[in-house]
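Student: generate a structure from the sequence data that follows.
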Amino acid sequence: MKTIDPHYTGFYLEQPLGNNRFSWERRSVKKIWVPALVEGHPSQLKSGSRIVFSELEEERECNHTGLEFFIFWNNNGVPVYFFDNHNHAFYFWHRSLNRGDFSPGLPLVHVDQHSDMRRPPEWLPANADDREVFDYTGQVLNVGNFIQPALRLGWFREVDIVDSSQKINRRYEQPLVLDLDMDFFAPEMDYIDRALKVAQIRKWLRLARCVTVATSPFFMDQQEAIELIGEIFR
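Tutor: This is a model prediction of the structure:
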């Protein structure tokens, strides 16, 4: 499949940067894979065979594979990005803003088991070019700190974090950017009815001007995430 972005061509991150910084000194695996971005349909999502996230869990090294490819889907004019580690949403928001898919200042609806609102170690300058945004996404940001920089740059006017049964029934009436982490369906979140989650996400999709979907290999079985994506986007 042909890549559609000059930066996301498929490569290893081999230095202790970004997601590869976690427990770097104590891990035997020292590099993680970042797949290429291709244009396609969610039905073409496949689990990959290369390690995309490595971390220690109770002092045991756990290596997780992600997607074979990241997929960009033009869903009747609405850009939808499917990828594994969630920090890549940052670059794809930037890409969609540059393409005019949505205007700065929409609300971000972040549907996730986690808030991902940690402060990054440094901020991205407002005048950064595509390459600088790409490097910042993969080398500075990680799966837990990619939202605050977007807010600081004015890409969104606010973030609404949907991470509980109290928030699953939120209603929106204005255009928004939807950011979905498939770990919202992880076993820890089973106290919220699965059918309700699917139904609500579909409602929010109708208002979305841009959609980012992370399969989160560290928190979610990738094949299950892919099957759930098929159910949501059927």
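
Student: residue 213 is in contact with residue 180, isn't it?
Tutor: Yes. The pair residue 213 and residue 180 passes the contact test of CB atoms under 8 Å, sitting 4.8 Å apart. No exception for glycine: its C-beta is placed from N, CA and C like everyone else's.

Student: sketch out the strands for the chain, chain order is fine.
Tutor: 9-13, 32-39, 47-57, 60-67, 70-75, 78-83, 106-111, 156-162, 176-181, 208-214 (DSSP state E).

Student: what's the separation between the spatially closest residue to residue 115 that is not a sequence neighbour and residue 167?
Tutor: Distance criterion CB to CB, 6 or more residues apart in numbering; nearest residue to residue 115, sequence neighbours excluded, is residue 161 at 5.2 Å. The gap separating residue 161 from residue 167 is 7 Å, by CB to CB, to the nearest Å.

Student: more neighbours, these two?
Tutor: Neighbours per residue (other CB atoms under 10 Å) separate residue 161 from residue 167, with residue 161 holding more: 17 against 14.

Student: residue contacts, residue 169?
Tutor: By CB atoms under 8 Å, 6 or more residues apart in numbering, the contact list for residue 169 reads residue 200.

Student: residues touching residue 109, list them.
Tutor: 159-160, 162, 170, 172, 176-179, 204.

Student: recalculate using a threshold of 7 Å.
Tutor: Taking CB atoms under 7 Å, 6 or more residues apart in numbering, we find residue 109 in contact with 160, 162, 172, 176, 178-179, 204.

Student: which of the residues you listed count as buried?
Tutor: By neighbour count, with 16 or more other CB atoms under 10 Å, the contacts of residue 109 hold 162, 176, 178-179, 204 as buried.

Student: which of those lies closest to residue 23?
Tutor: residue 179 (26.1 Å; CB to CB).

Student: where's the residue nearest the centre of the chain relative to residue 33, distance?
Tutor: Nearest residue to the geometric centre of the chain (CA atoms, centre = their mean): residue 86, 3.0 Å. Residue 86 sits 16 Å away from residue 33, taking CB to CB as the criterion.

Student: how about residue 178, nearest residue that isn't a chain neighbour?
Tutor: In space, residue 178 is closest to residue 208, 4.2 Å off (CB to CB, 6+ apart).

Student: verify the stated contact: that neighbour with residue 179.
Tutor: No. If you go by CB atoms under 7 Å, residue 208 and residue 179 don't touch, sitting 9.5 Å apart.

Student: what's the burial count for the closest residue to residue 154 other than its chain neighbours?
Tutor: Sequence neighbours aside, residue 104 is the residue nearest to residue 154 in space, at 5.3 Å (criterion: CB to CB, 6+ apart). Residue 104: 12 surrounding residues under other CB under 10 Å.

Student: OK, contacts around residue 104?
Tutor: Counting by CB under 7 Å, 6+ apart, residue 104 makes contact with 97, 154-155.

Student: of those residues, which is the most crowded?
Tutor: Within the contacts of residue 104, most neighbours by other CB under 10 Å means residue 155, with 21 neighbours.

Student: about what we covered before: so what's the residue count around the residue nearest to residue 178?
Tutor: Neighbour number of residue 208 under other CB under 10 Å is 23.

Student: how much space between it and residue 140?
Tutor: From residue 208 over to residue 140 the distance is 27 Å, taken as CB to CB.
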